[in-house]
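1. coordinates only, no sequence provided:
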């Protein structure tokens, strides 16, 4: 028995004053309307309506039940309206994950601009190196970097490409010399950035001779955060490959130098992951579309500015 539908029929019968009028309003038959009310009464073991050939009248139990039905149906209509509105209008809480350094550099500023356009969306952002399980942990969308995505069943939208560069401090280069090719790194202290987006044991450089790979020896220092690695490099501890978004501030201040300026390293795709494309909530759809429109231009501008910090 469809109790909710039978409630709707019962309320319509009372408001219309007859089974026939209710059936016409609901575009069904009088027999169906009568059976719906009878099924309710059988389910409740209570008579709701007294019937004659000319009129119907609520029983005392029917009056109480009518009030409850009207309240319940109003709540259902409100819930349906809210759900439909979520599909049409961006509003409510957007639970988002982003990889830590990338999120701090790109995502947080983008959130500010997004909320100027959609002020009814309230964003809860979690930054971490770990890629979460969106379904188990309740995230609406995750922004990740990687060479390839595992087959997770999630929907992915590619947003652009980020890359890394080899960096060192001026003091380190004065002390140890400037490498000219990836092979020259064998004579230097190379620090290892260990994150899910990076290969731990080798650096792939794309330059004048195509892709050249340098396999890292045992490192004197390893850390899992790009900002911490940038500090280590600025202290003269060695050379490291840093994402451009983590290196840019240090390059501008002169505390880091782009080593091997003819080479870029570790290109990674940027993806937005979300659970489903069907009936996508408006706040998720507009956020992903916003990044798709804005992020490539931000990346291109940053890469153009990077050339100011090359060193012969």
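-> That came through, no problem. Quick caveat: nothing in here was measured; it's all calculated off a predicted structure.
2. quick check: the closest residue to residue 130 other than its chain neighbours vs residue 12, distance?
-> The shortest distance from residue 130 to any non-neighbouring residue, by Cβ to Cβ, 6 or more residues apart in numbering, is to residue 196 (7.1 Å). Backbone N, C-alpha and C define where each C-beta goes, glycine included. Relative to residue 12, residue 196 is positioned 57 Å away (Cβ to Cβ, to the nearest Å).
3. comparing these two, which residue is more hemmed in?
-> residue 12 (19 against 13; other Cβ atoms under 10 Å).
4. what's near enough to touch the more buried one?
-> 22, 25-26, 33 (Cβ atoms under 8 Å, 6 or more residues apart in numbering).
5. likewise residue 59?
-> Applying Cβ under 8 Å, 6+ apart, the residues near residue 59 are 46-50.
6. of those, which is the nearest to residue 78?
-> Proximity of these to residue 78 (Cβ to Cβ) peaks at residue 48, which lies at 24.5 Å.
7. domains in the chain, as residue ranges please.
-> Domains of the chain are assigned by automatic domain parsing as 3-87, 92-161+269-303, 162-266.
8. now do the second one: distance from first to last residue.
-> Between the start and the finish of domain 92-161+269-303 there is a gap of 35 Å, counting by Cα to Cα, to the nearest Å.
9. average pLDDT across that domain?
-> The average of the pLDDT scores along domain 92-161+269-303 is 86.
10. centre of the chain to it, how far?
-> Here the centre of domain 92-161+269-303 is set off from its chain's centre by 4 Å, with Cα atoms, centre = their mean, to the nearest Å.
11. now pLDDT and secondary structure too, for the contacts of residue 59, in JSON lines please.
-> Below are the contacts of residue 59 laid out as JSON lines (pLDDT from 0 to 100; DSSP: H, G, I helix; E, B strand; the rest coil):
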{"residue": "46", "pLDDT": "88", "secondary structure": "coil"}
{"residue": "47", "pLDDT": "90", "secondary structure": "coil"}
{"residue": "48", "pLDDT": "89", "secondary structure": "coil"}
{"residue": "49", "pLDDT": "89", "secondary structure": "strand"}
{"residue": "50", "pLDDT": "88", "secondary structure": "strand"}
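12. are any of those residues buried, and if so which?
-> 48-49 (16 or more other Cβ atoms under 10 Å).
13. what's the closest of the contacts of residue 59 to residue 301?
-> Nearest to residue 301 among those is residue 48, at 69.1 Å by Cβ to Cβ.
14. spatially nearest residue to that closest one (excluding sequence neighbours)?
-> Spatially, and ignoring its direct neighbours in sequence, residue 48 is nearest to residue 62 (3.7 Å; Cβ to Cβ, 6+ apart).
15. ok, back up a step: export the contacts of residue 59 as TSV, with columns for distance to residue 66.
-> As requested, the contacts of residue 59 are exported to TSV (distance: Cβ to Cβ, whole Å):
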residue	distance to residue 66
46	12
47	13
48	8
49	10
50	14
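16. the strand or helix carrying residue 258 packs against which elements?
-> Using DSSP states H and E, residue 258 sits in strand 257-259. In terms of contacts (3 or more Cβ pairs under 8 Å, 6 or more residues apart in numbering; DSSP states H and E), strand 257-259 is packed against strand 155-168, helix 170-176, helix 244-253.
17. looking at these, which is closest to residue 89?
-> Here strand 155-168 is closest among those (Cβ to Cβ), at 21.0 Å.
18. quick one: contacts for the residue nearest to residue 48?
-> Shown in contact with residue 62 (Cβ under 8 Å, 6+ apart): 14, 47-49.
19. which of those residues sits closest to residue 206?
-> Looking across those and measuring by Cβ to Cβ, the closest to residue 206 is residue 14, at 75.1 Å.
20. quick one: classify that closest one as helix, strand or coil.
-> helix (DSSP: H, G, I helix; E, B strand; the rest coil).
21. pull the contacting residues for the residue lying closest to it once chain neighbours are set aside.
-> Leaving aside its chain neighbours, residue 14 sits nearest to residue 66 (5.8 Å; criterion: Cβ to Cβ, 6+ apart). By Cβ under 8 Å, 6+ apart, residue 66 lies in contact with 10-11, 14, 48, 58.
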